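> the following block contains a protein sequence and its predicted model.
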Amino acid sequence: MANHRHFSEPKLVIASHNQGKVREIEELLRRYNIEVISASDLGLDEPEETGTTFIANAELKALAAAEVADLPALADDSGLVVPALNGDPGIYSARWAGPAKDFDIAMGLVEEGLNGIDDRSAYFVAALALCWPDGHCETFEGRVDGSLVCPARGDLGFGYDPMFLPQGNDQTFGEMDSDAKHAISHRADAFTKLTRACFAD
Ligand code: IMP
């Protein structure tokens, strides 16, 4: 296994202003006895996501927070990749929903783009970056493969969940309860890789 820097500090900044994400990460790290501080607790600004990959965007968010807080910081970046749309919406997944964050609009754009195209394959990606104030970063990527259904089904979850049918399932992420989704999601996959490499007891 590759040589990873182990996390042994008592405090960790979660470089996200999304309270849902912060709570989820806090729960996943509870067993390691780490004091988790959110970016909004520290009044940190959200840097512009100028990277061209999920990893680059996660890294720039974590590095910015680690530098300002002078503490290690963890950030994530995620999205839906549709090969038949040349990888869109990809790193622009949140932006496709517009300023009103309307995912019916975003899913409508995906459906429109796939009009007349048979290939409905898609996958979600979640990138995690754990960065230290000295600039060292450990990065991990998780993925879940599936296909897109139109019309979308279910009103659970968030974002593009109702149109994503994970491989080997007959329920979309929008129809699955959160435990079922978390058991197979891209985010869970990335977290397993992170905790095995950097937080293992
Ligand atoms: P981020 O906050 O920049 O990482 O934006 C990620 C965007 O990707 C979200 O706003 C969603 O649109 C989409 N996304 C990421 N993960 C999921 C998921 O698990 N389900 C549905 N949509 C997701």
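In hand now; what should we look at?
> report the contact partners of whichever residue of the chain sits closest to the ligand.
Closest to the ligand within the chain is residue 159: 2.5 Å, counting by Cβ to the nearest ligand atom. Just so you know, the C-beta spots here come from the backbone N, C-alpha and C atoms, and that holds for glycine as well. Residues near residue 159 by Cβ atoms under 8 Å, 6 or more residues apart in numbering: 80, 93, 94, 97, 103, 106.
> does residue 78 touch residue 188 like I think?
No - using Cβ atoms under 8 Å, residue 78 is not in contact with residue 188, being 11.7 Å away.
> higher neighbour count, those two?
Legend: neighbour count by other Cβ atoms under 10 Å for residue 78 and residue 188, higher for residue 78 (23 against 17).
> how far away is the residue in the chain sticking out farthest from the centre from residue 84?
In the chain, residue 116 marks the outermost C-alpha relative to the chain mean, sitting 29.7 Å out by Cα atoms, centre = their mean. Computed as Cβ to Cβ, to the nearest Å, the residue 116 to residue 84 distance reads 10 Å.
> can you pull out the helices in this protein?
For the chain, applying DSSP state H gives helices covering 19-29, 54-69, 103-113, 178-184, 186-194.
> how distant is the lowest-mean-pLDDT helix or strand in the chain from the center of its chain?
The weakest-scoring helix or strand in the chain, judged by mean pLDDT, DSSP states H and E, is helix 19-29 (a mean of 81). Here the centre of helix 19-29 is set off from its chain's centre by 12 Å, with Cα atoms, centre = their mean, to the nearest Å.
> cool, stretch 159-166 as well?
Averaging C-alpha positions (Cα atoms, centre = their mean) puts stretch 159-166 14 Å from its chain's average.
> same check on stretch 138-153?
The answer for stretch 138-153 is 11 Å, by Cα atoms, centre = their mean.
> now do stretch 35-49: everything it contacts.
Taking Cβ under 8 Å, 6+ apart as the rule, stretch 35-49 contacts 10-17, 19, 22, 25-26, 29, 57, 60-61, 64-65, 68-69, 71, 73, 77, 91.
> now that stretch: buried residues?
Neighbour-count burial for stretch 35-49, counted by 16 or more other Cβ atoms under 10 Å, picks out 36, 37, 38, 39, 44, 47, 49.
> and stretch 10-25, by the same measure?
Buried residues in stretch 10-25, counting neighbours by 16+ other Cβ under 10 Å, are found at 12, 13, 14, 15, 16, 21, 22, 24, 25.
> need the residues that contact it.
Contact with stretch 10-25 is made by 26, 29, 34-40, 42, 44, 46, 61-62, 64-66, 69, 71-76, 158, 187, as judged by Cβ under 8 Å, 6+ apart.
> any idea what the closest residue to residue 26 other than its chain neighbours is bridged to?
Counting by Cβ to Cβ, 6 or more residues apart in numbering, residue 26 lies nearest to residue 36, which is 4.8 Å off, once chain neighbours are set aside. Beta-bridge partners of residue 36, counted by DSSP bridges, are residue 12.
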